[in-house]
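Novice: Got a sequence here, can you model it:
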Amino acid sequence: MDFKTNLKNGLKNGLSVSLKLIKTIVPFYIVIDLLRHTQFANIIGNYLSPFMKPFGLTGKMAIAIISGYLVNLYAAIAALAPLNPTWQQVTIVGLMTGISHNLIIEGAILHKTGTNAFFTIAFRVTVSIMAGLALAEYFRLVYG
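Specialist: As a prediction, the model looks like this:
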């Protein structure tokens, strides 16, 4: 192929991927940004705060982890961004959702391949929780 064809295909594919990301990120960002100013977000945050504290996260940041676990990493980013996280919190959420993400779709794929989807998903979530706790403890020890 020549340069012009490659450039055209590259731009077309890049635009397609960008639109898919925008379709995920923008709605999540808007919803989380609107929710964080409501009493509902405060209720969720207060309820989940004890579970998130060992990770060095706020209760509201559980929404980002759940979004990443169930949907994808971009949903987690979109849910986390309006909560003004520190770099440590971004790193912890990124590690956890990097290990365990897109569980609904990947679980269905695992099931179709004959793999024990429940075990695999439970293992990934467990490892992500352990890694998140370990990283949070590291940050506490190193950065106070």
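Novice: name the helices or strands packed onto the helix-or-strand element of the chain with minimal mean pLDDT?
Specialist: When each helix and strand of the chain is scored by mean pLDDT, DSSP states H and E, helix 3-35 comes last, with a mean of 82. Helices and strands in packing contact with helix 3-35 are listed as helix 62-70, helix 73-80; criterion 3 or more C-beta pairs under 8 Å, 6 or more residues apart in numbering; DSSP states H and E. Just so you know, the C-beta spots here come from the backbone N, C-alpha and C atoms, and that holds for glycine as well.
Novice: Could you tell me how far Asn84 is located from Thr24?
Specialist: From Asn84 across to Thr24, the span is 21 Å (C-beta to C-beta, to the nearest Å).
Novice: Looking at the two, which is more packed in?
Specialist: The neighbour comparison of Asn84 against Thr24 (other C-beta atoms under 10 Å) goes to Thr24, with 17 against 9.
Novice: Any idea how many residues pack against the closest residue in space to the more buried one that isn't next to it in sequence?
Specialist: Using C-beta to C-beta, 6 or more residues apart in numbering and skipping residues adjacent in sequence, the residue nearest Thr24 is Tyr74, 4.7 Å away. Neighbourhood size, Tyr74 [other C-beta under 10 Å]: 20.
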